[in-house]
Every structure is written in structure tokens, then in C-alpha cells.
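S.K.: Here's my sequence, what's the structure:
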Amino acid sequence: MHDFTYPKNPLFLSIWQAYFKLLRGIGSRFYLEWQTVFYELPAFIKQSRWIAEALCLLKENAFSDITSESLTFGTAGIITARKPQALP
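M.R.: Got it, this is the predicted structure:
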């Protein structure tokens, strides 16, 4: 699983916020259908707990080799796991 995460580092958070501000100002002029994303995605990502929830669900469902990694200066995360063996 791979998706956005809210950056914890203040420097990268500032860059991330500036990027979305740029998208709202310029991107929404050229891509009207993306306006909702440009305006609502940052708040959605900030409140999301997808990594913690996914890790919990994977453990509860007997997945193994579960790993979680922060990518792109904390703006994305990736989780990998192995599916449980099927019972014969």
C-alpha cells in the first residue's frame, strides 16, 4: 500500500503547504475538475491515520513480514506485508 502522509518535519511541511497553495492558485485554473482535490486533500491527509490503521489490520489478519516506510521526505508512506498461507 502506498499513499500520501502528512509531513512531520517543519521544513518539508512548509514546502508541502506551499506546493498545495500553488496548486490551488494555478492548478485549479487549468484543471477545474481537480479543484476539490487541491482544496480538500491537504486537510484529509492531515487527519488520516491510514498507516496506523493498516498496520493494525494487517496484524489482526495474520499477515507477516509487515514493514512501514516513510518516503519522499515524509510526504508519502508505503506498507508491505505477506498474505497469510491458505489452510489446506
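S.K.: Can you give me the buried ones in the helix or strand of the chain with the lowest mean pLDDT?
M.R.: Lowest on mean pLDDT, DSSP states H and E among the helices and strands of the chain sits helix 28-30, with a mean of 84. Under the neighbour-count criterion of 16 or more other Cβ atoms under 10 Å, helix 28-30 has residue 28 buried. C-beta: built from backbone N, CA, C; applies to glycine.
S.K.: these two touch, right, residue 42 and residue 18?
M.R.: No. The pair residue 42 and residue 18 does not pass the contact test of Cβ atoms under 8 Å, sitting 11.2 Å apart.
S.K.: between the two, which one's more packed in?
M.R.: For residue 42 versus residue 18, neighbours defined as other Cβ atoms under 10 Å are more numerous around residue 42 (19 against 10).
S.K.: Backbone dihedrals for that one, both of them.
M.R.: When read as degrees, to the nearest 10, the backbone of residue 42 gives phi -60, psi -40.
S.K.: same question, residue 85
M.R.: Recorded main-chain torsions at residue 85 are phi -70, psi 140, according to degrees, to the nearest 10.
S.K.: neighbours around it, how many?
M.R.: Around residue 85 sit 8 other residues, with neighbours defined as other Cβ under 10 Å.
S.K.: Relative to residue 64, how far out is it?
M.R.: 9 Å (Cβ to Cβ, to the nearest Å).
S.K.: try residue 8
M.R.: For residue 8, the distance to residue 64 under the criterion Cβ to Cβ works out to 28 Å.
S.K.: do residue 12 as well
M.R.: Using Cβ to Cβ, residue 12 is found at 32 Å from residue 64.
S.K.: Tell me which of those two has more neighbours.
M.R.: With other Cβ under 10 Å as the criterion, residue 12 and residue 64 differ in neighbour count, and residue 12 comes out ahead with 14 against 11.
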